[in-house]
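Trainee: kindly generate the corresponding structure for this input.
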Amino acid sequence: MLLLNTVYLARQKIFNRQGKLFAYELLFRDHAHGIKAFPTNIRATSQVLLNTLTNVHLNELLGEEGIAFINLDEHALTSGIIDLLDKDRFVLEILETTDLNEKVLSKIMQYHKRGFKIAIDDFDCSAEMIKKFTPILKYVHILKMDVLAAEQDNLKNVMTKIKQLGIRVLAEKVETEEEYKYYKDMGFDLFQGYHLHKPEIVEMNRYKDATQIVLLHLIKLIRNDGQTTEIESYIKQRADLSYKLVKFINNHGKFDTQVESITQIITLMGRDKLLRWLLLYLYAEVSDNPISETIMNVAIRRAESMEETAHHSDKDKAYLAGMFSMLGALFETDIKNVLKDINMDKDITDLLLSKKGKFLSSFKKAEYSEREYLKRLLCTNFEKIDITLILYALELSHIHVDKDAL
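Mentor: Sure thing, here's the model as predicted:
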């Protein structure tokens, strides 16, 4: 259900040499007091990104021009989720445990070429770590040095050499005022640690299930003729969505070719069919509304009825209007809450928000048919219906029940 609920992440400030805020590092949290159970790195990164991109306005979190460091391992770097990020607002922070295989190195080069700033996390200045990360230093903008783990002689020597490469150095895990002054005098450019700022929990009273929002934005992107690569990036946010889409294509009789990519699926299906499939997925797979299947069946019948009577140039739009008309019921919220962030086609929003426009007649005809059927169904089975359910229905429809008439 599209319910408002509390989700969490943490942010920790990073400061420059003048003591001014340089950036935030965004960190995984799953409750108000920290972390109950840390998932895999890719799941933690995905949750932080989804909460950042869908549950809160970025300017509220970072300020109008603020930037954020986001932790990434080899799985996150190759998953496609980075494609959703604004290169001017996010720094790609590569975890020290990342497997720098050929595929990962290729991705790092690609993101560097696209203008992303790249950082390395928890660099301990050991010979082993220097050897591991030397192949990517030419793409790195900021090196975060773990001042607690590093030997002080190594730290100073490595810092000097790194700065000669034009890379900014950040003193990470600064715990005291003395340490702060010491590393500042040593020549560090940036500073982060509990002495300067402890990670603060950010509570977001936003949508509980970001998958619904991702799908709605994906639908908007397709409707607005977005780039195929951008559509593919959104689909890749949800492994289950990608899997079901591939399975759908493989099970569809018309497509006997072997599927090799999401882009291929988009091309094979065409955008109109993809839109219809996404709406069905939204109803059937994402919602936890207990009557979602029934609502979906009504929505499909309504959409097909409206499509049938629409002008040939408006058939796909009429179908979408019918399917969208039941999303408020599916998510148990006002349809305005569903549509407010996605700016659907004006003909569709005119119908859904104002009950006017070119699809009003076909909508009313479909709705009348539904009401007549349900009226007969209720009358036939009235004795079987729990009185509490009847009272709920009346109250939700703002129909007053007179106790003196009972």
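Trainee: what segments of the stretch 151-300 of the chain are helices?
Mentor: Ranges of helices in the stretch 151-300 of the chain, per DSSP state H, counting those that start in this stretch, are 152-164, 177-186, 210-223, 228-235, 239-251, 262-269, 271-281, 292-309.
Trainee: residue 109 is nearest to which of these?
Mentor: For residue 109, the closest of the helices of the stretch 151-300 of the chain is helix 228-235, at 17.5 Å, according to CB to CB. No exception for glycine: its C-beta is placed from N, CA and C like everyone else's.
Trainee: in that closest one, what counts as buried?
Mentor: 231, 232, 233, 234, 235 (16 or more other CB atoms under 10 Å).
Trainee: care to break the protein down by domain?
Mentor: For the chain, the domain assignment from automatic domain parsing gives the residue ranges 4-206, 211-367.
Trainee: quick one on the thing from earlier: how about the buried residues of helix 228-235 in a markdown table, adding pLDDT and distance to residue 128?
Mentor: Output for those, formatted as a markdown table (pLDDT from 0 to 100; distance: CB to CB, whole Å):
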| residue | pLDDT | distance to residue 128 |
| --- | --- | --- |
| 231 | 84 | 41 |
| 232 | 83 | 37 |
| 233 | 78 | 35 |
| 234 | 75 | 38 |
| 235 | 78 | 38 |
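Trainee: quick one: the strands in the chain?
Mentor: Using DSSP state E, the strands assigned to the chain run over residues 4-16, 21-28, 68-72, 90-94, 117-123, 142-146, 168-172, 190-192, 200-207.
Trainee: so which of these comes closest to residue 179?
Mentor: strand 168-172 (7.9 Å).
Trainee: what's the closest one in contact with?
Mentor: Outside of strand 168-172, the residues within contact range by CB atoms under 8 Å, 6 or more residues apart in numbering are 14, 119, 121-122, 141-147, 159, 162-163, 179-180, 183, 187-193.
Trainee: just stretch 362-371 next, same as before
Mentor: 298, 301-302, 305-306, 309-310, 318, 321-322, 325, 351, 355.
Trainee: only alpha carbons, please: show it as CSV.
Mentor: The C-alpha coordinates for stretch 362-371 follow below in CSV (Å, rounded to 0.1, in the frame of the first residue of the first chain):
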residue,chain,number,x,y,z
SER,A,362,-16.3,6.3,-21.7
PHE,A,363,-15.2,6.3,-18.0
LYS,A,364,-18.8,7.0,-16.8
LYS,A,365,-20.1,4.3,-19.1
ALA,A,366,-17.6,1.7,-17.7
GLU,A,367,-18.2,2.8,-14.2
TYR,A,368,-22.0,2.5,-14.6
SER,A,369,-21.6,-1.0,-15.9
GLU,A,370,-19.5,-1.9,-12.9
ARG,A,371,-21.9,-0.4,-10.4
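Trainee: tell me how many other residues crowd the nearest residue to residue 130 once chain neighbours are set aside.
Mentor: Distance criterion CB to CB, 6 or more residues apart in numbering; nearest residue to residue 130, sequence neighbours excluded, is residue 158 at 7.0 Å. Using other CB atoms under 10 Å, residue 158 has 22 other residues around it.
Trainee: residues in contact with residue 158?
Mentor: 125, 130, 145, 150.
Trainee: for ChimeraX, what selects the buried ones among those residues?
Mentor: Burial among the contacts of residue 158 is assessed by 16+ other CB under 10 Å; the matching ChimeraX selection reads:
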select :125,130,145,150
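Trainee: just the contacts of residue 158 now: which is nearest residue 293?
Mentor: Using CB to CB, the contacts of residue 158 come closest to residue 293 at residue 145, 55.1 Å.
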